[in-house]
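Q: Pasting the sequence and the predicted coordinates here, then a few questions.
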Amino acid sequence: MSRTSHPVVERADERHRYEILVDGELAGFTEYLDRGQTQRVFYHTEIGEAYAGQGLAGVLVEHALTDVRESGKRFVPVCPYVAKFLGKHEEFADIADPVTGEVTHWLKAELAEQ
C-alpha cells in the first residue's frame with residue numbers, strides 16, 4: 001500500500017461480507033451470516049497475497065465490528081482472525097458473544113444450504 005492509497009471498507013450485503021478496497025481493487029474481505037435480527041457471525045477473513053502484511057485485515061475487521069455496534073447488533077467471532085483481533089481489542093468485548101456448539105452447528109447448516 002503506497003502512502004497515497006487509502007483503504008476503503010464497504011459492506012456488501014448481497015455477498016454477506018465486508019470488503020476492503022485499495023485504489024479501487026478488492027484487497028480482502030471478511031464474511032458473515034446474520035443469525036436472527038441481532039447477531040452477526042463472522043466465519044472467514046481473507047486478504048489477497050499482494051496486500052499481505054499491510055495491516056489491512058485489522059482495518060477491515062475494526063470497521064466491520066464498528067458497523068456491527070452502530071447497527072445495534074452483536075457478533076460471534078468464529079473466524080480465527082476475528083477472534084484474535086477481539087483478544088487485542090477489548091473495546092469490542094461488550095458486543096461479542098461466545099462461539100458455542102449451537103452457533104457452529106447453525107453456521108455449518110447455513111453454509112451447506114448456500
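A: Yep, that arrived.

Q: Sketch out the helices for this structure, chain order is fine.
A: Applying DSSP state H to the chain gives helices spanning 56-70, 80-88, 101-113.

Q: Need the contact partners of the shortest one.
A: With C-beta atoms under 8 Å, 6 or more residues apart in numbering as the contact definition, helix 80-88 has outside contacts at 30, 42, 45, 57-58, 61-62, 65, 75, 77, 92-93, 96, 99. Every residue, glycine included, has its C-beta placed from N, CA and C.

Q: For PyMOL, write the selection for the buried entries among those.
A: In PyMOL, a selection of the buried entries from these looks like this (16 or more other C-beta atoms under 10 Å):
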select buried, resi 30+42+45+57+61+65+75+77+92+96+99
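
Q: Under the pLDDT cut-off, which ranges of the protein? List them.
A: Where the chain drops to pLDDT under 70, the residues are 1-4.

Q: Look up the closest residue to the spatially most central residue of it, ignoring the ones flanking it.
A: Nearest residue to the geometric centre of the chain (C-alpha atoms, centre = their mean): residue 30, 3.9 Å. Excluding the flanking residues, the one nearest residue 30 by C-beta to C-beta, 6 or more residues apart in numbering is residue 45, at 4.2 Å.

Q: Does that neighbour touch residue 32 like I think?
A: No. The criterion here is C-beta atoms under 8 Å, and residue 45 misses it with residue 32 at 9.8 Å.

Q: What is the neighbour count of the closest residue to residue 20 other than its chain neighbours?
A: Closest residue to residue 20 apart from its sequence neighbours, by C-beta to C-beta, 6+ apart: residue 60 at 4.3 Å. Per other C-beta atoms under 10 Å, the neighbour tally for residue 60 reads 26.

Q: so who does residue 60 touch?
A: Residues near residue 60 by C-beta under 8 Å, 6+ apart: 7, 9, 18, 20, 28, 29, 30, 45, 47.
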